[in-house]
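Dropping a prediction and its sequence here:
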Amino acid sequence: MKVHQTDSLTLSGSVVAIGAFDGVHRGHQAVLREMVRTSQSAGVPSVVYTFNPPPRAYFQGAQVLTKPEKKIQLIKSLGVSHIVLAEFNEKYLQRTAADFIKELSQMKPNKVIVGDDFRFGNRRSGDVSLLKEHFPVQLINPICCTEGKRISSTRIRELLIQGKQEQAVPLLGWT
């Protein structure tokens, strides 16, 4: 797997999953495995586009579940071809939605996989509808645990804050 900075990856085709992927938890793992399968059947590389720090940590001071090195290691273990690790800082926040679309266009995505609430660009001006104007988009369905509750980084953080590691660790799916 190759690690790239923003605006540095050019491909002739790809399947791209975009998200914070903080924790690379069981829900993320399911999405990324599906992305890898889809990219392999299409004969194109898989790309994870993610952020350091995760936006929630940057804006709200949320606990970061995985340091960049660990996140990269976990994503690599899932068979992903490329990772774009965007440095989420003041400069990145100035990028417009058009800048983000232009960067994704360099990867020539056959499919872009995002959550239904995905926003991008300065002041969150871009959304899934705008993304769909430029690329085929697949929305991620929530991944739930055996109890039927959604697996999310926010839920895992809350469990850790409450000292419920025995409930959080199985949701992460790694130790």
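Cool, the structure landed. Residues are numbered from 1 along each chain as shown.

those helices in this structure, which residues are they?
Along the chain, counting by DSSP state H, helices occupy 26-42, 55-60, 68-77, 90-93, 97-105, 128-134, 153-161, 165-172.

And the contacts of the second one?
Counting contacts by C-beta atoms under 8 Å, 6 or more residues apart in numbering, the residues outside helix 55-60 that touch it are A20, D22, A62, Q63, V64, F88, N89, S153, T154. Any C-beta I mention is one placed from the backbone N, CA and C, and that applies to glycine too.

Buried ones only from those, please, as a PyMOL command.
Buried subset of those, written as a PyMOL selection, criterion 16 or more other C-beta atoms under 10 Å:
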select buried, resi 20+22+62+64+88+153
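
Closest one of the contacts of helix 55-60 to I140?
A20 (12.4 Å; C-beta to C-beta).

picking that back up, let's have the contacts of helix 55-60 in TSV, adding pLDDT.
Conversion of the contacts of helix 55-60 to TSV gives the following (pLDDT from 0 to 100):
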residue	pLDDT
A20	93
D22	94
A62	90
Q63	91
V64	93
F88	92
N89	93
S153	93
T154	92
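
Mind putting the contacts of helix 55-60 into TSV with distance to T96?
Formatted as TSV, those follow (distance: C-beta to C-beta, whole Å):
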residue	distance to T96
A20	20
D22	25
A62	25
Q63	30
V64	26
F88	16
N89	16
S153	27
T154	28
